[in-house]
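S.K.: Fold the following and give me the result.
(one chain, ligands or ions: 1)
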Amino acid sequence: TPPRNSNAARDIAYALHPYTDHKAHLQNGPLVISRGKGVRVFDEQGKEYIESVAGLWCASLGFDNERLVQAAADQMRKLPFYHAFTAKSHEPLIDLSEMLIERAPSPMSKVFFANSGSEANDSAIKMIWYMNNAIGRPEKKKIIARLKGYHGITLAAASLTGLPANHKLFDLPLSGFHHISTPHHYHNAQPGESEEDFATRLAEELEQKILAEGPETVAAFWAEPIMGAGGVILPPAGYFPKIQAVLKKYDVLFVADEVICGFWRTGSYWGSQTLGIQPDILVCAKALSASYLPISAVMVSEQVFQGIAEGSSSVGTWGHGFTYSGHPVPAAVAIETLKIYDEMDIGGHVKRVGAHMQAQLRARFADHPLVGEVRGTGLIGAIELVADKATKTNFDPGQKVGGRLTKLGEENGVILRAMTNDSIGFSPPLIITEEEVDEMLNRVAKSLDEVMVQVRRESIAAV
Ligand code: PMP
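M.R.: Have a look, this model is predicted:
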């Protein structure tokens, strides 16, 4: 058979890829990944790559964990499917719920399961709407999220998302979804404004928004502790405690989207702990099962659950659920994943190796002519590429500088993710070692220098 990126294969089949230039893709074909080992993946020709974002911030335990394979196989043999509708349950569902509640960053009472981050966020929105109907305040419905936040792509989750590409041409956001400013000090603070003052100003913006909409109509605020897909954006010091004080004042729920930040990514079990959030609702996915099988979860506080429980008698049944909510096989893999995190003290590991990655990112890139900002904590970070360091001006998107870096990265054996403003995100498997971090960053540095040569040549040619 011809390699899958050959002309012959290209004529046979073509999968529709997210975020892909389809015409260019028809010319070039996909990068076909065939197998994985540790923090590395291999293409069908056997070429090796370090996965700097764990394949969409996902493979927290790397690409070859035998225990997870075994957990899935054992559960498949015992009970390959059962559902959670009409008060049915099974052991993996019960055990995983208990483990999540035990580990929650603030007191949580019940768990709802879904299959993806988007579904989990949609489910949380519907829970909140249902709850407010159940307790007699149906008008409390509006939701406030943030520009550059990412919460998924189904119609409601995409409405939470604050990135133009997810709204444009889709008639989104749906009505009742609002966005406030991105808490990015580097770009959005006023000249000379301290992080604290910037945080205060953002909390005031939120308060003004709630007052303008009418507090009786605002149900919830949605936030990733650290914005992931928007470019790995850390909020300014003191931001979330200030935001949370405003929300409490107006009885607005805090929903923490921990789909990327959850399970030690930021150096604490939850990003909420790193950033000082006590969420009323917490959404997680990805590293919940090390992404070996799809599963996501929504944890809700006792207060939210009590509201939902009112509904059966006041407004009628809770009409929401997925066939695969809490599927026993991914649930069994998630249970094993959480056990592995505890047994190998992955938290201690992330603190050590994360400190190394952060120090190395700064040491290697902070003074690089193309790098405007280096940011991150734990094993999540980013470098943002700029055309002009002094004015913090990004490259023209038409120059595709981030895209070129990812392409050169592939040639040099590192899979990279370029996001808005040519921010290059790092979120390697949590099991990465210090030596592997160095190897990864060597490949990045080489690729970045190659991009710099290209960019310089172009700017000379343009003069
Ligand atoms: N929330 C966050 C913070 C995410 O990063 C993502 C996916 N990258 C989602 C939600 C959506 O998850 P999914 O793609 O599984 O629907």
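
S.K.: use CA for all of it now, contacts and neighbours both
M.R.: Fine.

S.K.: Pull the number of nearby residues for His83.
M.R.: 18 (other Cα atoms under 10 Å).

S.K.: er, Ala24 I mean
M.R.: For Ala24, which is what you asked about, the neighbour count (other Cα under 10 Å) is 9.

S.K.: Repeat that for Gln360.
M.R.: Number of residues near Gln360 (other Cα under 10 Å) recorded here: 16.

S.K.: backbone phi and psi for the residue of the stretch 201-350 of the chain at minimum distance from the ligand, please?
M.R.: Nearest residue of the stretch 201-350 of the chain to the ligand: Val259, at 4.5 Å (Cα to the nearest ligand atom). Backbone torsions for Val259, taken as degrees, to the nearest 10, come to phi -60, psi -40.

S.K.: cool, and Met131?
M.R.: Note on Met131: its backbone torsions stand at phi -60, psi -50 [degrees, to the nearest 10].

S.K.: tell me which parts of the chain are close to the ligand?
M.R.: By Cα under 6 Å from any ligand atom, the part of the chain that sits against the ligand consists of Ser116, Gly117, Ser118, Tyr150, His151, Gly152, Glu224, Gly228, Ala229, Asp257, Val259, Ile260.

S.K.: Those residues in helices, which ones?
M.R.: Gly117, Ser118 (DSSP state H).

S.K.: which residue packs closest to the residue of the stretch 201-350 of the chain closest to the ligand, ignoring adjacent ones?
M.R.: Excluding the flanking residues, the one nearest Val259 by Cα to Cα, 6 or more residues apart in numbering is Cys284, at 4.3 Å.

S.K.: That neighbour and Tyr269 touch, don't they?
M.R.: No. At 11.8 Å, Cys284 does not count as touching Tyr269 under the criterion of Cα atoms under 8 Å.

S.K.: Number of residues surrounding the residue of the stretch 201-350 of the chain closest to the ligand?
M.R.: By other Cα under 10 Å, the residues close to Val259 number 31.

S.K.: And for Pro18?
M.R.: Pro18 sits with 7 neighbouring residues when counted by other Cα under 10 Å.

S.K.: picking up where we left off before, who's the residue nearest to Val259 bridged to?
M.R.: When bridges are assigned using DSSP bridges, the partners listed for Cys284 are Ala297.

S.K.: burial of it, as a residue count?
M.R.: The local packing of Cys284 (other Cα under 10 Å) involves 26 other residues.

S.K.: Per-residue pLDDT of it, please?
M.R.: Confidence per residue is given as pLDDT, and for Cys284 that number is 98.

S.K.: Contact partners for it?
M.R.: Counting by Cα atoms under 8 Å, 6 or more residues apart in numbering, Cys284 makes contact with Gly117, Ala120, Asp257, Glu258, Val259, Ile260, Gly262, Ser296, Ala297, Val298.

S.K.: Please tell me how far it sits from Thr20.
M.R.: With distances taken as Cα to Cα, to the nearest Å, Cys284 is found 26 Å from Thr20.

S.K.: Asp396 too?
M.R.: For Asp396, the distance to Thr20 equals 19 Å [Cα to Cα].

S.K.: hang on, Phe254 packs against Val283?
M.R.: No. Assessed by Cα under 8 Å, Phe254 is found out of contact with Val283, at 11.0 Å.

S.K.: For these two, indicate the residue with more neighbours.
M.R.: Each of Phe254 and Val283 has its neighbours counted (other Cα under 10 Å); Val283 has more, 29 against 22.

S.K.: Show me which helix runs longest in the chain.
M.R.: With DSSP H setting the assignment, residue counts place helix 434-462 as the longest helix in the chain.
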